[in-house]
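In: Sequence isn't available, so here's the structure alone:
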């Protein structure tokens, strides 16, 4: 690999979203990320979406660019191989990422006894180490009560696992920070990252803890309106919907020009004593602005709306299903350097994203597919642990390791 993290080796013991995403983020920048799984696959090996043959498109996507090591974790000999792999020598090795509930054999103290400068990042659910997942964490953070239509009474969880995703990216940053510290001081360390703490961190950083404590306020549920300014969704003549966002005084002027409603905007200002250049004033008269704009959108097709708003420099985007995104969005294609169409083993040709980071000093690589379970077992045993062909064959014979059939 020629990526910017070439030479870095990370061992990953993971399931579901946060840790696999952290490892994949590093792998797509050139790190050698080795994921170990039990024989037959771990908890997420068949996670939806799957193909008609029950191959997990999700698992392939979350493990792009990694090497796969399939090992019998029920046997002491298999656990010994994993521990040896995590603590194998090398100045840029000895890095372990996990969100599994590890036993004593994978504890930081046990592994550090084998390699003093070990870096281990462990993702847990709650700050006290008890279990939690994205959906249960999100339910506690207040967001489900501000998500969804304004007249809805029930909470609505976001189907995008935002806390898992943020946690995974934070884990990648944390490992790189710990590795930088080790390269300067020679010291390894254990890093604990709580999924719930990630959610508290972001919720507080966005101001919503302070809003409660300082203002005694609760953000209202407002559907697709944009909180604190003006923005919302509008229906077009051909039955599509667009999201409009107005965040600067220039956008107000541009929107008036694009829609021919500049005079109407001035009349709204005079009628309500507001200045639409001010965010708070736009929020105050949002219903009046919506009423003025809705007929214009309803009189034009999606194509016409897009052309007018884009030409004027207005922020907007069409609402799309996943299918419409794949079929319509010019950036969701190989015309965007992010994407390549690769042959994913067990699945077939599929449009696949690489790293969104575009480093000038390390041009984007060919996108690597997700591995088959155990695809790299033998080469890992040979290259990293230095085992002979005979020793590797004996491990297979005893059912300690496996490779694809």
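Out: Structure received. Keep in mind that what you see is a predicted model, and the values were worked out from it rather than measured. Numbering: from 1, shown residues only.

In: what about the most centrally placed residue in the chain, which SS state?
Out: Per C-alpha atoms, centre = their mean, the C-alpha nearest to the average position across the chain is that of residue 165, at 3.5 Å. Of the three states, residue 165 takes helix according to DSSP: H, G, I helix; E, B strand; the rest coil.

In: Quick check: pLDDT value at it.
Out: If you check residue 165, the pLDDT there is 98.

In: separation between it and residue 121?
Out: Using C-beta to C-beta, to the nearest Å, one gets 16 Å for the distance from residue 165 to residue 121. C-beta coordinates here come from the backbone N, C-alpha and C atoms, glycine included.

In: for residue 109, same thing?
Out: The gap separating residue 109 from residue 121 is 15 Å, by C-beta to C-beta.

In: Likewise for residue 404?
Out: 29 Å.

In: Looking at the two now, which is surrounded by more residues?
Out: A side-by-side neighbour count of residue 404 and residue 121, using other C-beta atoms under 10 Å, places residue 121 first with 26 against 14.

In: Validate this expectation: the more buried one resides in a helix.
Out: No: assigned with three-state DSSP, residue 121 falls outside any helix and is strand.

In: and it, what are its bridge partners?
Out: residue 97, residue 191 (DSSP bridges).

In: so what's residue 36 up against?
Out: Residues in contact with residue 36 (C-beta atoms under 8 Å, 6 or more residues apart in numbering) are 11-13, 69-71, 82, 85.

In: run the last query once more with 10 Å
Out: Residue 36 makes contact with 11-14, 42, 67-71, 73, 78, 81-82, 85-86, 98, 374, 377, 380, 401, according to C-beta atoms under 10 Å, 6 or more residues apart in numbering.

In: from those, which ones fall inside helices?
Out: Under the assignment DSSP state H, those contribute 78, 81-82, 85-86, 377, 380 to helices.

In: which pair in those residues spans the largest distance?
Out: 86 and 377 (15.5 Å; C-beta to C-beta).

In: doesn't residue 230 make contact with residue 249?
Out: No: Residue 249 is beyond contact range of residue 230, at 11.8 Å (criterion: C-beta atoms under 10 Å).

In: These two: which is more packed in?
Out: Comparing residue 249 with residue 230 by neighbour count (other C-beta under 10 Å), the higher total belongs to residue 230, at 24 against 14.

In: From residue 360, how far out is the residue lying closest to that one once chain neighbours are set aside?
Out: In space, and not counting its chain neighbours, residue 230 is closest to residue 282: 3.9 Å by C-beta to C-beta, 6 or more residues apart in numbering. Computed as C-beta to C-beta, the residue 282 to residue 360 distance reads 39 Å.

In: Compare those two (neighbour count), which wins?
Out: Between residue 282 and residue 360, counting by other C-beta under 10 Å, residue 282 is the more crowded of the two (24 against 5).

In: Quick check: pLDDT value at the more buried one.
Out: Looking at residue 282, its pLDDT stands at 98.

In: May I see the buried residues of the helix or strand containing it?
Out: Using DSSP states H and E, residue 282 sits in helix 279-284. Buried residues in helix 279-284, defined by neighbour count with 16 or more other C-beta atoms under 10 Å: 279, 281-283.

In: now do stretch 383-391
Out: 384, 387.

In: can you list contacts of it?
Out: Counting by C-beta under 10 Å, 6+ apart, 9, 11, 32, 34, 67, 69, 81, 84-85, 88-90, 93, 376, 378, 380-382, 392-395, 401 sit against stretch 383-391.
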